[in-house]
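1. Return atomic coordinates for the entry below.
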Amino acid sequence: MAAEGSSKRDLRRALVSGEKFNRRGFKDTADLVKAEMSTEFTSDLLAELRAAAYTIVRGGVTVKLAKAYGFCWGVERAVAMAYETRRQFPNERIWITNEIIHNPSVNTRLREMGVLFVPQEGMVKDLSGVAAGDVVILPAFGATLEEMQFLTETGCQIVDTTCPWVSKVWATLDKHKRADCTSVIHGKWGHEETIATASFAEKYLVVANMDEAKYVADYILGSGDRDDFLAKFSNAMSTDFDPDTDLSAVGVANQTTMLKSETAAIGKLFEKTMLVRYGPSELAKRFVAYDTICDATQERQDAMVDLLDSGDLDMVIVIGGFNSSNTSHLQEMAEHAGVTSYWVDSAECVAPENRIRYRSSNGEEHVVDSFLPAGPVTIGVTSGASTPDKVVEDVLERVFMIHKLSAGVPVGARA
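-> Model prediction:
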């Protein structure tokens, strides 16, 4: 499609300006979808919590809700566009290249609407079933440049729900290219957003955390083994990446759902590393960084800090999809604070016999019996950016029911 030798930026711009590429949704169905989503996703209980300064007491259970939680604007926009697409194309075959967001109930709802999910085996998607005239939704995390090009050339109607904050990161990679810098992406190399983001970079390296960033920094300063480096980042770097030449100038970007504090620290680390390696006069040519943490991620992390600092919490329940990066970091913050915390993805994780199935931030699954005490208990609650309020309500109603049972109060009675 693009001329030989043109940049990925030029190709991306050509693709998104195509007549079959929709990034705004469908006004004709917007009002119907807004009402539909309100019915499916909102919660009277959480509205009550917000009206009561984010704290309520129900039968000996005090619930403190984080002041920023749940559905963010980008997620709500993506889900609305997916719903609008189904209404706009009632008879066409509709695909989505990945989960629209990382929430099982929302993705199940799309399947019930007849939306087909592109098959995937490991890291490889099978787009062979997609045909000309099909409608294809790109999820909130974005899609790779190669996927966008394939779908365009196939003749599909594309509905792009990519969060604008993710697109902002892609624009940052363009700046890295213009500055002749390798993009160091703070993210998880197997995460859909990072896979999409990396596809728009000319040269890139993905670091998952500060430990990996320090390893790269040490290599820049002359420590480390080349073969060990290439093996360590074999899945996390651009084709033909050469650490001896491609790390002479770096720009830092991030997966938008990472911990803000860690991304900032990684940026400072590389700035200091390039200063030590090349000196003050070369720093501007050797290092660039821009703030690409999304507002919603930052707001939810800041609210989690406030919730944890409020004191008197017996436990924290973090609610969100188990493959949700931003939710995992909320759980991680609770763990680092030393507060008992349970990350659940739905009410089904909370069993009537006072048992909870949850995950820790590293993804390990655990089961705890008698997690709720019989007496008064104070619970901090938050949810990831892909979690509808209705899911949070369902979890809390399970908690209230179990606490009544443990206290010997009939379920139908008001404690």
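2. isn't there a strand covering I137?
-> Yes. Under DSSP: H, G, I helix; E, B strand; the rest coil, I137 sits within a strand.
3. who's in contact with it?
-> When contacts are counted by C-beta atoms under 8 Å, 6 or more residues apart in numbering, I137 touches 81-82, 85, 94-97, 100, 115, 159, 161. (Glycine included, C-beta is placed from N, CA and C.)
4. same thing but at 6 Å, please
-> Each residue near I137 by C-beta atoms under 6 Å, 6 or more residues apart in numbering is listed here: 82, 85, 96, 159.
5. Show me what it is bridged to.
-> I96, V159 (DSSP bridges).
6. Quick check: it vs Y204, distance?
-> To Y204, I137 is 26 Å away according to C-beta to C-beta, to the nearest Å.
7. And R359, by the same measure?
-> 29 Å.
8. Name the residue in the two with the higher neighbour count.
-> Higher neighbour count among R359 and Y204: Y204, with 24 against 19, using other C-beta atoms under 10 Å.
9. do you know how far the more buried one is from H176?
-> 9 Å.
10. Just confirm L205 is within a helix.
-> No. Going by three-state DSSP, the assignment for L205 is strand, not a helix.
11. nearest spatial neighbour of it, skipping sequence neighbours?
-> Closest residue to L205 apart from its sequence neighbours, by C-beta to C-beta, 6 or more residues apart in numbering: M237 at 4.9 Å.
12. does A35 count as helix, strand or coil?
-> Per three-state DSSP, the local secondary structure of A35 is helix.
13. what separates it from I293, distance-wise?
-> For A35 relative to I293 (C-beta to C-beta), the value is 33 Å.
14. What are the boundaries of the helices in the stretch 201-350 of the chain?
-> 210-220, 226-232, 260-278, 283-286, 295-309, 325-336 (DSSP state H, counting those that start in this stretch).
15. low pLDDT regions in this protein?
-> Applying pLDDT under 70 to the chain flags the ranges 1-6, 407-415.
16. Just want the angle from the longest strand seen in it to helix 325-336.
-> Counting by DSSP state E, the longest strand found in the chain is strand 377-383. If you take axes from the mean of the first three to the mean of the last three C-alpha atoms, to 10 degrees, strand 377-383 sits at 150 degrees to helix 325-336.
17. In contact with L15: list those residues for me.
-> So, once contact is read as C-beta under 6 Å, 6+ apart, L15 ends up touching 148, 152.
18. May I ask you to confirm that it belongs to a helix?
-> Yes. Looking at L15 with three-state DSSP, it is inside a helix.
19. hmm, back to that, now render the helices of the stretch 201-350 of the chain as CSV, adding mean neighbour count and distance to E348.
-> Shown next, in CSV, are the helices of the stretch 201-350 of the chain (neighbours: other C-beta atoms under 10 Å; distance: least, C-beta to C-beta, whole Å):
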stretch, mean neighbour count, distance to E348
helix 210-220, 18, 35
helix 226-232, 13, 38
helix 260-278, 18, 31
helix 283-286, 16, 51
helix 295-309, 19, 23
helix 325-336, 23, 16
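20. I'd like to know which of these lies nearest to D126.
-> Nearest to D126 among the helices of the stretch 201-350 of the chain is helix 325-336 (24.3 Å), distances taken as C-beta to C-beta.
21. Check the offset of the closest one from the chain's centre.
-> Relative to its parent chain, helix 325-336 has a centroid offset of 12 Å by C-alpha atoms, centre = their mean, to the nearest Å.
22. Dump it to CSV, restricted to CA.
-> Extracted in CSV, the C-alpha atoms of helix 325-336 (Å, rounded to 0.1, in the frame of the first residue of the first chain):
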residue,chain,number,x,y,z
SER,A,325,-2.5,-5.2,33.4
ASN,A,326,-3.8,-2.1,35.1
THR,A,327,-5.8,-4.3,37.6
SER,A,328,-2.7,-6.3,38.4
HIS,A,329,-0.8,-3.1,39.4
LEU,A,330,-3.6,-2.1,41.8
GLN,A,331,-3.2,-5.5,43.4
GLU,A,332,0.5,-5.1,43.5
MET,A,333,0.2,-1.7,45.3
ALA,A,334,-1.9,-3.4,48.0
GLU,A,335,0.6,-6.2,48.4
HIS,A,336,3.5,-3.7,48.7
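23. and the angle for that helix with helix 260-278?
-> When the same axes, to 10 degrees is applied, the directions of helix 325-336 and helix 260-278 differ by 90 degrees.
24. Which neighbouring elements make contact with helix 325-336?
-> helix 295-309, strand 315-319, strand 341-344 (3 or more C-beta pairs under 6 Å, 6 or more residues apart in numbering; DSSP states H and E).
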